[in-house]
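Asks: I need the structure of the sequence given here:
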Amino acid sequence: MVYLGHPALVQREIGSNLKRWNNRDARILGALAVSQENGLTRRELSGILNTSEARIDEILQPWIQYLDSMSPKGPFKPFHNSFRNFLLTNREFQIHSMEVHQAIANFFLREYEGNRRE
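Replies: Next up is the predicted model:
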């Protein structure tokens, strides 16, 4: 297989459907791109994106080959840092990292509300 570069890989997966990219793929890949350490689980992605785990599976399906995971439930993260960097810096297939960071923070604040140590 000839490596075409990240833009060609994304283009191959979404075709000319930028609406799909903006409404679906960019959101989930953005969350994974900004995630730290081990990545995010299917349950966490579901909470962050406010959608069902079944829908997360559907969205992840074409991208799984570009992700690293030890289990079908995750955690998931970009397979290589160059893909993460591409997602965070490419202007054609834009990720809105500030919005994604906010969604992740909101999810974990809700998730751990009441579990703070005083």
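Asks: helix or strand for Lys77, which one?
Replies: Assignment of secondary structure by DSSP states H and E places Lys77 within strand 77-78.
Asks: Pairing partners for that strand, with directions?
Replies: strand 67-68 (antiparallel) (DSSP bridges).
Asks: which residues are contacting the strand it pairs with?
Replies: 32, 39, 60, 76-79 (C-beta atoms under 8 Å, 6 or more residues apart in numbering). Yep, even glycine has a C-beta here, placed from its N, CA and C like the rest.
Asks: Return the residues in contact with the residue at minimal distance from the centre of the chain.
Replies: Most central in the chain under C-alpha atoms, centre = their mean is Leu29, positioned 2.5 Å from the mean C-alpha point. With contact set as C-beta under 8 Å, 6+ apart, Leu29 has these partners: 63, 78, 87, 95.
Asks: Give me the distance between the two termini of stretch 38-46.
Replies: 17 Å (C-alpha to C-alpha, to the nearest Å).
Asks: Enumerate the positions of it that are buried.
Replies: Of the residues in stretch 38-46, 39-42, 44-46 count as buried by neighbour count, 16 or more other C-beta atoms under 10 Å.
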